[in-house]
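Asker: no sequence on this one, just coordinates:
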């Protein structure tokens, strides 16, 4: 049974990027754009949500990456290889540092170029024009954890909740711990 595209419900998520590590933040945003947090997720379908990122100019890198990390591109002309340090990139285009990190975690397909990329809205400062879609009193998603050790942390794709109700234990094929399947 296929899932018709017009039945997809798109949600708007607000992310505050201030004082967050670029890679960890990108790893939180990329699955939301693809729709992996939904039970109706299909790898070949367009089922992701909109993400609005504010304060992109306040992102952080770990270590000495501000001076060591290089962004390279080619102009298409002979000898046209250009490169720019991460600190220079943040000064010139503060939204592109986070945009390149997020899109680097997504497959380069027509689905990404036509559907996923337009749903990512990144703004350098705290102001954005999407108050109508998000609402006035919307809370930003919780910050990405420094480590996501085990499922007991309660962190699920940055949404701050799990799909099971509190206190519900989901069992696998084998059943309860210590019991095998009888053949």
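Answerer: Structure received. It should be emphasised that the depicted structure is a prediction, and the values quoted were computed from it without experimental measurement.

Asker: measure stretch 69-80 end to end?
Answerer: Stretch 69-80 has an end-to-end distance of 19 Å (criterion: C-alpha to C-alpha, to the nearest Å).

Asker: and stretch 108-121, end to end?
Answerer: End-to-end distance for stretch 108-121: 19 Å, by C-alpha to C-alpha.

Asker: hmm, who's touching it?
Answerer: Applying C-beta atoms under 8 Å, 6 or more residues apart in numbering, the contact partners of stretch 108-121 are 10, 29, 33-34, 44-46, 48-53, 99, 102-103, 106, 128, 130. C-betas here are computed from N, CA, C, even on glycine.

Asker: show me where the protein has helices.
Answerer: Using DSSP state H, the helices of the chain run over residues 22-34, 65-68, 86-92, 94-103, 110-111, 131-134.

Asker: how about the residue nearest to residue 92 when sequence neighbours are not counted, what does it touch?
Answerer: Spatial nearest neighbour of residue 92, excluding adjacent residues (C-beta to C-beta, 6 or more residues apart in numbering): residue 84 at 7.5 Å. The neighbours of residue 84, taking C-beta under 8 Å, 6+ apart as the test, are 70, 71, 92.

Asker: quick one: contacts for the first one?
Answerer: The neighbours of residue 70, taking C-beta under 8 Å, 6+ apart as the test, are 83, 84, 85, 86.

Asker: what stretches of this protein score poorly on pLDDT?
Answerer: Residue ranges of the chain with pLDDT under 70: 1-7, 146-183.

Asker: kindly recompute the last result at 50.
Answerer: Applying pLDDT under 50 to the chain flags the ranges 1, 151, 158, 162-165, 168-183.

Asker: spatially central residue for it, please.
Answerer: By C-alpha atoms, centre = their mean, the chain has its centre lying nearest to residue 29, at 0.9 Å.

Asker: how close does that one sit to residue 132?
Answerer: Here the criterion is C-beta to C-beta, to the nearest Å. By it, residue 29 lies 21 Å from residue 132.

Asker: how about stretch 92-102: buried residues?
Answerer: Within stretch 92-102, the residues scored as buried using 16 or more other C-beta atoms under 10 Å are 93, 94, 95, 97, 98, 99, 101, 102.
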